[in-house]
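Asks: Predicted model and sequence follow; I will ask about them next.
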Amino acid sequence: MPFVVINRVYVNPGYEAEFERRFQRRASQVDRQPGFRAMRVLRPQGNQAPYLVETEWDSQEAFRAWVGSDDFKQAHADPMPSEAFGEGGGLEQFEVVEGTQA
């Protein structure tokens, strides 16, 4: 079964457009990674809700290889300023037990 990683990111007001733009510009970088299946960036619809960045991998090992890759370092080389982000959030990792698609 696949391995899913969700990064919860609290983006402060005024920084949302830049946050989204950065993912739109670099989304194809992760596409080349062995074991990569899919990525979604989910915009929050409620107050105080974080953005969710969800990636799906063949395995935890494939995800770890991406984190250790030069492509990962390049993708994260020019971070947004710290004031762009609120408190909380973080990385969550899941092994898929069951799933379905239309």
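Replies: Yes, it's here. Because the structure is a prediction, the values reported are computed rather than measured. Numbers count the residues shown, from 1 in each chain.
Asks: buried sites along the one helix or strand residue 21 maps to?
Replies: Using DSSP states H and E, residue 21 sits within helix 16-31. Neighbour counts over helix 16-31 (16 or more other Cβ atoms under 10 Å) mark 19, 30 as buried. C-beta: built from backbone N, CA, C; applies to glycine.
Asks: So which elements touch that helix?
Replies: strand 36-42, strand 51-57, helix 70-75 (3 or more Cβ pairs under 8 Å, 6 or more residues apart in numbering; DSSP states H and E).
Asks: closest to residue 81 out of the ones you listed?
Replies: Nearest to residue 81 among the helices and strands packed on helix 16-31 is strand 51-57; the distance by Cβ to Cβ comes to 16.3 Å.
Asks: From the contact counts, what lies against the helix or strand following the closest one?
Replies: Going down the chain from strand 51-57, the next helix or strand is helix 60-67, by DSSP H and E. Helix 60-67 sits against strand 3-9, strand 51-57, strand 90-95, with contacts defined as 3+ Cβ pairs under 8 Å, 6+ apart.
Asks: CA atoms only: put the shortest one into CSV for me.
Replies: Read that as strand 90-95. Output of strand 90-95 as CSV, limited to C-alpha atoms (Å, rounded to 0.1, in the frame of the first residue of the first chain):
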residue,chain,number,x,y,z
GLY,A,90,4.1,20.0,11.0
LEU,A,91,4.7,16.8,9.2
GLU,A,92,2.5,13.7,9.5
GLN,A,93,3.2,10.3,7.9
PHE,A,94,0.8,7.6,7.2
GLU,A,95,0.7,4.1,5.7
